[in-house]
Each structure stands twice: as structure tokens, then as C-alpha cells.
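[1] Sequence first, predicted model second:
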Amino acid sequence: MMATRIHSTSLRSLRQAMKKEITPASPAGLHAYVIPTGDRHQNEYLADCDQHRQFISGFTGSCGTAVVTDKKALLWTDGRYFTQALQELDEHHWQLMKLGLPDTPTIESYLSKELPTNSSIGLDPSTMSIDAYNDLVKGVQDSGHEVVCCDVNPVNTVWGKDRPALECQPIVPLEVCYTGEVCHKKVSAVREKLIDMQCDALAVTALDDIAWLFNLRGSDIEYNPVFFSYAFVSRDKLVLFVDESQLTPAARSHLSEETKSELDVKDYGQFHVYLKAYVDANPSCRILVSNRSSQDVANTVPKKNSVVGSSPIPLMKSVKNTVELKGIREASIRDSAALCKYFCWLEKEVKSNRNVTELSAAEQLLMFRKNVDKFMGPSFETISGSGPNGAVIHYRVTPETSRPITKEEMYLCDSGGQYKDGTTDVTRTMHFGEATPHEKECYTRVLKGHIKLASTTFPEKCRGALLDTLARTALWEVGLDFNHGTGHGVGAYLNVHEGPQAISPRATKDAGLQAGMLVTDEPGYYEAESFGIRIENVCVVVKKDTRFMFNDRDYLTLRPMTLVPYETDLMLTYLLTADEIEYINTYHWECQQQVIPLLNEKDDTDTIRWLLHKTKVIG
Ligand code: ZN
Ligand code: ZN
């Protein structure tokens, strides 16, 4: 009730603020205001102070756009969040627009139809990416509507003193023994790319790009070891924009060493001022602005000086060097040992009918990870889903939703850790009693897709959309499928979701896969209100020797980093080919070879026994 009152008051205040937004482009104030889920850096996870959409609507999901007009307040979100949105939105004031359903108009077509012609639609350009902004402008232009970029976000005016402050946690160096390449080498490589692209400078706005470039890590955003900052790289200048109080003495001396004292540190708030001054001083300069930056950056650099396109950093960052790969391998083995310990513990608890819930299990998993060397925190919120909760793809366990884990239901666990030497992301699906034949068939088909993708040979720069098909064919054969991409890139002690590569039906224009990239292999199958299955490993893309080399291209394959056994009890072996059985046996042998020595060090005989049992040769 309390929340409802706050949200209806906020809505009224927002409408008043919209009326007062009188500019040459909006002489009668704003007729609509668009509040996307986004911040100045287009982060996947938002800091509290950037939760504008959540503040105004009350909807806490990670995805959605709110639109407020004179009379209406609407929220667009996708199928993952329909139930949650209906629970959280105040039905007297808010209307849910179900994204992806045939009858749901897009935001653009809704605004085109609902508003009188030549209306003014406001938004905070720092909350929307350049691509999304251009789509919005194009989508409403036929109706004569004007998209107005507000200098001050009216939602912040309403939020006022209650708006949380910007996070400013300490920034620490990541040593070259983890990164494998010092900052000034990375900067030189970026400069070479700028020359190739005939650009003079690059405006860096993505926080993981900046953390990678300077070999620094922070904790301003939950799960992502990044810090609020901007950077500017020109042919002769290197500037980091950051709240200087966040830089620890170690970070300062690291920066002067790794940049050969070339670096200029300026305040976080000075980025836009600096860009403007740079353009004024270099009137014919060409500045590369990533199309994934926020629109406010595009507004700052005049059109004649800006080249909007792909920043070279995501691709450079995605191809891991040998030091990073060694670290990721070691982190994956340690993490796999912790997961084996967890599943061994869980199986024992459930089989002896002790009371264990999705929530208490997730807490225990975190305890096990906390004992792992170099552990810095989880890499995302653990998905711990029993029975029907496993079918909710982005399930978030709460005290209200937490189900007991029992011998009667499938259990899906997707989790990961941040370690100083690597980031992990792994999903396993288990059944601690006797699964139904249907559940087993679905598990086996998901596993067949997982193996098919992992063992395929493909030419370098092969697009992710082509490979995505391989993970689905065993499901398609019987008329099943899953509604998410098959894989994403993973950072090196950075964000668990990283581009530019992806294995997904949508990855038709990406740069393709290259040796040294990390990618997850995570097909699934979800039966609503019943059970969910996902099997996920992080893999590294490696070269493969082939008899021929068509067009002199290298050929590639995947090698798993994750080493946690599959569930042989859930496999219908008659559905598996001899090659698939060999793949499973080889993988399980590798799990034993790599993980048992770590368990031995800790005299963990229980887990060793469990692992040996789970990895028994099948066939
Ligand atoms: Zn995962
Ligand atoms: Zn994943």
C-alpha cells in the first residue's frame, strides 16, 4: 500500500515536471516522457542511483521501458517479466504492455497513434543508447513528433533527495601477471586501429572496456568488477575521467608505471566538457563514438566530427591472451571443484530428507565459493530453481518463491564466480530421485545439442547464428526448442556477459568467432510450470588441425574450461551416438584429472567419491 501511494504521487510530480519542460523544441512542455532501463554507460546491471524506471514504476525487473503521458503510464517488458510486472505495478495507474505479443504495439507506434501530431516526447539522452535513440526518432517522425533531450532528467527532480548517491568504491590495479599486457601496449594497439579507421580519437564509455584498457578493477556495480569512469584516447592523448578519491595509492602508481606517465586523470564530471573543448581546438577532428554509447555522447560531439560505429576495444578484449587463458583455466578448475563439493553436499542433504530449499542451497554454494582461492564475489545472482521454478529462464530466488529441493523434482543451478584470474559461469541440471522418461529424454536432447556445438569444427570468423543451429537440432527433431541464445562471451575477471561475439539466432552481423575467445555453450529446454533444463560450460575457441584449409582459413573448435560432471542418471544412452558417448567419457576423465588433485589437497574424500561415481564410464 505504501509503495502504491509513493508511486502515484511520483507520477503526479513527474507530469507536473513534464509540463514545465518548456524549450524551443517543446514550447508546450512534454506530451510524453520515455524512461528506459539504462545508464550513462549502457551497463547491463544498474547502480541504485540509475534505477529511474524502477523508481517511477515500482517494477523491479532488469528489463523494460516506461512511458508516461498526460493521462497514461505504461510499461513495456518481455515475457520473462509479465507475472512479476503485474504484481509490482499499481494497476490503478499503470498499464502493462506485453512485448513480443502480436497485439502489443511498439513504443514508437503507440506514441505515433496516441499523441496529437507534432507532440514533444522527452527523454534523458544519458539513459538511452545511440541505436535505440535513432530507432525512436525514426519511428515517430511520420507523426511529426519531436524527440526532446532533457538536460535534467525530470525523474531525478521528482526523486530529489531520496535518490541514492553515485557509488564510489576503491579502484585497484590488476597486475600484469593476470592481464598479460600492460596498459600502454593496449593503448598503442587501440591507436593503430584508430589510424586504420581514419579516426583521431576514441571516446570510451563502456565501463568494462575502461577496466580492461587500464588494467584496473572496482566494485561500483554489483557482480561487475568495474568503476564509474570515461576514457579518451587520441593519437597523442590518454585521459581517464574518474572520481580521483576512488584511486588507491596502488592504482596511482600502477597507472603511472603502466602508462609510462602519459596519462592525464580528470574528474568524472569533466568528460563532456573535455570532448567539447577537444572539438573546439581540433575543428576537423574525427572522433569514434561507439554506437553502444549513450545518446548524450552523440549529442556532445558535433555530427561533422563524429564517426558512430563499433569501438575496436570489445573485439580486442574478447580475444584473450595466453596469460589470461591460463588464469581462466585455473579459475575454472578451482570453481569446478567448489561446484562438485556443492552438488555432492546437496545430493546428500536431499537424499537424507534434510530440509534444504533453493535459497538455503544457493547460500551454501556461496559459502563453498568463498573458500576458493582468489574469489572476489559472485559473477551474477545465482539461479537456483527446483521443479517449475527451473522453467523460469531468469529465475531469481526470493524467500517468497523459494521451493524445497526434493527427490521428486528436477533442480537447475546456474551460477558463477569472479576470481582475480578469471570469471566463471556454469549450469547443471540434476535429479536426486527418479526422473520421468520425458524429463530424461529432454535432458538427453539438450546434452546432445551441447555436445554437438562443443565438438564442431568451423572456419574462423564463423558467425554465431550459424553455430546456434547445432545446439538445437536434437530438440527440433521432436518439435522442441528453447527461447534464448546458446552462448555469450565471458570477461577475464570482468563482466560475465561480454561481446561482441555471441552464439545466438540474432548473431548474424557480429565479428564472428576467433581463436582465444571465450564463449558459453548453454542450450536448454523449459516446460512451463513443470521443469527446466540447462547445461552450460564456458569454452575457449581453439585452432583445430584439418586436412585441408579452404581459402587458407584457419579452422576452429571449442574446448571446455568448466569441469563439472554431467548427470549420467538423466541420460537415455540409446539416444546417444558412439561419438557422443566418447565425448562424455573423455570429458568426465578430464574432470577427474583436473579436479581430484584440488580435492585431495583438502582431504575432501566425500567429494572425490562423489566425483568418481558421477564420472563412471558409460556406454
Ligand atoms: Zn549461466
Ligand atoms: Zn551464461
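    Nice, thanks for sending it over. Ligands and ions are numbered 1, 2, ... in the order given.

[2] Could you use CA atoms for every contact and neighbour count after this?
    OK.

[3] who in the stretch 201-350 of the chain is up against ligand 1?
    Within the stretch 201-350 of the chain, no position is adjacent to ligand 1 by Cα under 5 Å from the ion.

[4] Give me the below-cutoff pLDDT ranges for the stretch 201-350 of the chain.
    Judged against pLDDT under 70, the stretch 201-350 of the chain has no low-scoring part.

[5] Nearest the middle, which residue of the chain would you pick?
    Nearest to the mean C-alpha position of the chain, by Cα atoms, centre = their mean, lies H497 at 3.3 Å.

[6] Give me the spatial nearest neighbour of that residue, chain neighbours excluded.
    Distances taken as Cα to Cα, 6 or more residues apart in numbering place V490 nearest to H497, at 5.3 Å, with adjacent residues excluded.

[7] list the contacts for the one you found?
    Shown in contact with V490 (Cα atoms under 8 Å, 6 or more residues apart in numbering): 318, 423-424, 496-499, 518-520, 538.

[8] That one and H145, how far apart?
    Between V490 and H145 the distance is 40 Å, computed by Cα to Cα, to the nearest Å.

[9] The residue of the stretch 501-619 of the chain found nearest ligand 1: how many residues sit nearby?
    Proximity of the stretch 501-619 of the chain to ligand 1 (Cα to the ion) peaks at E536, 6.4 Å away. Other residues near E536 number 26, with proximity taken as other Cα atoms under 10 Å.

[10] 42 is where my numbering starts, stick with that
    Taking 42 as the first residue, the last one we looked at is E577.

[11] Setting aside sequence neighbours, what's the nearest residue to it?
    Leaving aside its sequence neighbours, E577 is closest to E563 (4.1 Å, by Cα to Cα, 6+ apart).

[12] so what pLDDT did the one you found get?
    Per-residue confidence (pLDDT) for E563: 98.

[13] Please look at it and G528 and confirm they touch.
    Yes. The pair E563 / G528 is scored as a contact, 5.8 Å apart, by Cα atoms under 8 Å.

[14] For stretch 491-503, C-alpha coordinates in CSV please.
    In CSV, the C-alpha atoms belonging to stretch 491-503 read as follows (Å, rounded to 0.1, in the frame of the first residue of the first chain):
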residue,chain,number,x,y,z
HIS,A,491,25.6,-29.0,-26.0
ILE,A,492,28.0,-31.7,-27.2
LYS,A,493,27.3,-31.1,-30.9
LEU,A,494,28.2,-27.4,-30.5
ALA,A,495,31.2,-28.1,-28.3
SER,A,496,32.7,-30.7,-30.7
THR,A,497,32.0,-29.0,-34.0
THR,A,498,34.8,-27.8,-36.4
PHE,A,499,34.1,-24.5,-38.1
PRO,A,500,36.0,-21.9,-40.1
GLU,A,501,37.4,-18.8,-38.3
LYS,A,502,35.1,-15.8,-38.1
CYS,A,503,32.1,-18.1,-38.5
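
[15] Counting neighbours, which bits of it end up buried?
    For stretch 491-503, a neighbour-count test (16 or more other Cα atoms under 10 Å) marks 491-496, 498-503 as buried.

[16] Go through stretch 301-319 and flag the buried ones.
    By 16+ other Cα under 10 Å, the buried positions in stretch 301-319 come out as 304, 306-307, 309, 312-313, 315-316.

[17] which of the residues you listed sit farthest apart?
    L304 and H313 (18.0 Å; Cα to Cα).

[18] how much space between the residue nearest to S427 when sequence neighbours are not counted and ligand 1?
    Distances taken as Cα to Cα, 6+ apart place Y452 nearest to S427, at 4.4 Å, with adjacent residues excluded. The gap separating Y452 from ligand 1 is 14 Å, by Cα to the ion, to the nearest Å.

[19] so when I look at Y452, I'm seeing a strand, right?
    Yes. Counting by DSSP: H, G, I helix; E, B strand; the rest coil, Y452 falls inside a strand.

[20] which phi and psi does S325 have?
    Phi and psi for S325, reported as degrees, to the nearest 10, are phi -100, psi 10.

[21] ok, it touching K344?
    No. Here S325 lies out of contact with K344, judged by Cα under 8 Å, at a distance of 11.4 Å.

[22] Tell me which residue in the stretch 42-191 of the chain sits closest to ligand 1.
    For the stretch 42-191 of the chain and ligand 1, the shortest gap (Cα to the ion) falls at E85, measuring 14.9 Å.

[23] That residue falls within a strand, correct?
    No. Residue state for E85 (three-state DSSP) corresponds to coil; a strand is not indicated.

[24] which ones are touching it?
    G79.

[25] go on, K481?
    Residues in contact with K481 (Cα under 8 Å, 6+ apart) are 611-613.

[26] Strands along the stretch 542-660 of the chain, start to end?
    559-562, 565-568, 572-575, 578-585, 596-601 (DSSP state E, counting those that start in this stretch).

[27] now the stretch 92-241 of the chain
    Using DSSP E, counting those that start in this stretch, the strands of the stretch 92-241 of the chain run over 106-110, 114-118, 136-139, 161-164, 187-190, 213-214.

[28] Please tabulate those in CSV, including the columns mean pLDDT, mean neighbour count and distance to ligand 1.
    Output for the strands of the stretch 92-241 of the chain, formatted as CSV (pLDDT from 0 to 100; neighbours: other Cα atoms under 10 Å; distance: least, Cα to the ion, whole Å):
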stretch, mean pLDDT, mean neighbour count, distance to ligand 1
strand 106-110, 97, 22, 25
strand 114-118, 96, 21, 22
strand 136-139, 96, 19, 26
strand 161-164, 96, 26, 33
strand 187-190, 95, 20, 37
strand 213-214, 98, 20, 27
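
[29] where does the nearest residue to L554 once chain neighbours are set aside land in three-state SS?
    Distance criterion Cα to Cα, 6+ apart; nearest residue to L554, sequence neighbours excluded, is K502 at 4.6 Å. For K502, the assignment made with three-state DSSP gives coil.
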